[in-house]
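Student: pasted the sequence and its predicted model underneath.
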Amino acid sequence: MIIIKCAKCKRKIFKYQKIGKGRLWHCWNDRMIRDYSVRDGNEVKCRCGNLIGVAEEKWVNMRQHSFTYSGVVT
């Protein structure tokens, strides 16, 4: 389980179950445990207005350098 936070204001965006090593390029919708984000159409934003990613049909394409994460990767 990892916690994805906004790079600007450090608020929580997602609680996410990451499987495998490597970078976080996109987040699958069925692995999101808790969603704290603000959705504006297909844009996923933080409450401060920072664009985190763009929602597709099955996942969210994450913008690199607009978020940080911490936790244990399984």
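Tutor: Yep, that arrived. A quick note: this is a predicted structure, and the numbers were derived from the prediction, not measured.
Student: every contact and neighbour count from this point should use C-alpha atoms.
Tutor: Fine.
Student: quick one, helices of the protein?
Tutor: Secondary structure of the chain, counting by DSSP state H: no helices present.
Student: what residue ranges in it are flagged as low confidence?
Tutor: For the chain, applying pLDDT under 70 flags the ranges 74.
Student: in stretch 50-68, what counts as buried?
Tutor: Within stretch 50-68, the residues scored as buried using 16 or more other C-alpha atoms under 10 Å are 50-55, 59-62, 66-68.
Student: what does stretch 3-19 give?
Tutor: 3-7, 11-18.
Student: then stretch 16-31?
Tutor: For stretch 16-31, the neighbour count (16+ other C-alpha under 10 Å) marks 16-18, 24, 26-28 as buried.
Student: contacts for it next, please.
Tutor: 1-4, 32-34, 58-64, 73-74 (C-alpha atoms under 8 Å, 6 or more residues apart in numbering).
Student: quick one, phi psi at Cys46?
Tutor: The phi/psi pair for Cys46 (degrees, to the nearest 10) reads phi -80, psi 170.
Student: can you tell me the closest non-neighbouring residue to it?
Tutor: In space, and not counting its chain neighbours, Cys46 is closest to Ser37: 5.4 Å by C-alpha to C-alpha, 6 or more residues apart in numbering.
Student: ok, the one you found touching Ile13?
Tutor: Yes - using C-alpha atoms under 8 Å, Ser37 makes contact with Ile13 at a distance of 5.0 Å.
Student: now do the shared contacts for the two.
Tutor: Cys46.
Student: and stretch 61-74, how far out from the chain middle?
Tutor: Relative to its chain's centre, stretch 61-74 lies at 6 Å (C-alpha atoms, centre = their mean, to the nearest Å).
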